[in-house]
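1. Starting from these lines, generate the structure:
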Amino acid sequence: MTELQYHLAKVYAIWLREFKVFLREKSRLIASTFTPILWLFVIGSGIGSTASAPAGVDYQTFIFPGIVSMSIIFTSVFYGSYIIWDRKFDFLKSVMAAPVSRAGVFVGKTLGGMTNSLIQALILLAIGAAIGIPFTPLSIVQAVAVILLMSFGLTSLGLALGSYMYSLEGFQMIVSFVVFPLFFLSGALFPLDGLPSWLYVLAALDPATYGVSAMRGTMLGIGSADPALDFAILTVYTGALGLFGVLSFRRMKAV
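-> Have a look, this model is predicted:
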């Protein structure tokens, strides 16, 4: 076994543990999938009955990429709470004592969170196909690529925040100040055209904005003048958040 294979095996072991935990918590999958579905049908139908969406699509269809992004944002960032649970039950201490680098631990956990977000997003894509979202094989591949980038970057952010926190209550309070601006400033529920300049600047600084725009462009063919540019900017954000996560894990204390 080469050194690369050795390190990949460690990352795989950590990912597998995270994935098995996810499979055992079926209630978490149901609850975290129910909320976006509720937004899609209640908000989409309720506001859609009084408001018109741009480009001739109905409002429910317009917000669908944003609802997928909402699922990714909340699932990925709140995944950082598992670091606090691992610390409370001393699992983190045993992992840190194992012959695996902090970067390897971070990547394994991030891939675990990314897998959780991907599964939930795929469920929403299936619902989207059922309600008439005009998917093509290419648009599905492109949407999944955006989902993977968003989930990796935002899971990195959640784990980085969790690495500095020792209280689950404190983590939830801090993360609430992160996820809601990420979601509401992303253009998930409204077009960004015509916003006040100060609000447009905040939206432009939001990494989720480029994920929503890229998915809306690939799924619906609207909203993004250049989906490739959105994808490139999202890639840069993902790399930066991943680096932030690695550096945070290197400074993290196991107890």
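
2. Count the residues that sit near residue 248.
-> For residue 248, the count of nearby residues is 20 (other CB atoms under 10 Å). Just so you know, the C-beta spots here come from the backbone N, C-alpha and C atoms, and that holds for glycine as well.

3. Verify the contact between it and residue 165 for me.
-> No: using CB atoms under 8 Å, residue 248 is not in contact with residue 165, being 10.8 Å away.

4. just for the chain, where's the confidence low?
-> Low-confidence segments of the chain, defined by pLDDT under 70: 1, 48-55, 90-91, 223-225, 254-255.

5. one more time with 90
-> 1-63, 75, 78-109, 113, 131-136, 139, 161-178, 186-200, 216-231, 248-255 (pLDDT under 90).

6. Longest helix in it, by number of residues?
-> helix 102-130 (DSSP state H).

7. name the helices or strands packed onto the next helix or strand after that one?
-> Downstream of helix 102-130, the next assigned helix or strand under DSSP states H and E is helix 137-163. Under the contact definition 3 or more CB pairs under 8 Å, 6 or more residues apart in numbering; DSSP states H and E, helix 137-163 sits against helix 59-78, helix 81-88, helix 102-130, helix 168-184, helix 207-220, helix 227-251.

8. what about the residue lying closest to residue 220 once chain neighbours are set aside, neighbour count?
-> Spatial nearest neighbour of residue 220, excluding adjacent residues (CB to CB, 6 or more residues apart in numbering): residue 57 at 6.2 Å. For residue 57, the number of neighbouring residues by other CB under 10 Å comes to 19.

9. right, and residue 133 touches residue 219 too?
-> Yes: judged on CB under 8 Å, residue 133 makes contact with residue 219 at a distance of 6.1 Å.

10. Neighbour count: these two, which is higher?
-> With neighbours defined as other CB under 10 Å, residue 133 and residue 219 compare such that residue 219 has more, 24 against 20.

11. Return the residues in contact with the more buried one.
-> Going by CB atoms under 8 Å, 6 or more residues apart in numbering, residue 219 touches 64-65, 128, 133-135, 139, 143.

12. Got a quick PyMOL command for the buried subset of those?
-> To isolate the buried members of those in PyMOL, using 16 or more other CB atoms under 10 Å:
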select buried, resi 64+65+128+133+135+139+143
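
13. before we move on, back to that, residue 19: which of the helices and strands packed on helix 137-163 is closest?
-> helix 102-130 (5.7 Å; CB to CB).

14. Between helix 227-251 and the closest one, find me the angle.
-> 140 degrees (axes from the mean of the first three to the mean of the last three CA atoms, to 10 degrees).

15. looking at it, residue 159 is touching residue 80, isn't it?
-> Yes: under the criterion of CB under 8 Å, residue 159 makes contact with residue 80 at 4.8 Å.

16. the more surrounded of those two?
-> Using other CB under 10 Å as the criterion, residue 159 and residue 80 rank with residue 159 on top: 30 against 27.

17. who's in contact with the more buried one?
-> Counting by CB under 8 Å, 6+ apart, residue 159 has contacts 79-80, 83, 106, 109-110, 113, 245, 248-249.

18. same thing with residue 83?
-> Shown in contact with residue 83 (CB under 8 Å, 6+ apart): 92, 109, 159, 162-163, 165, 252.
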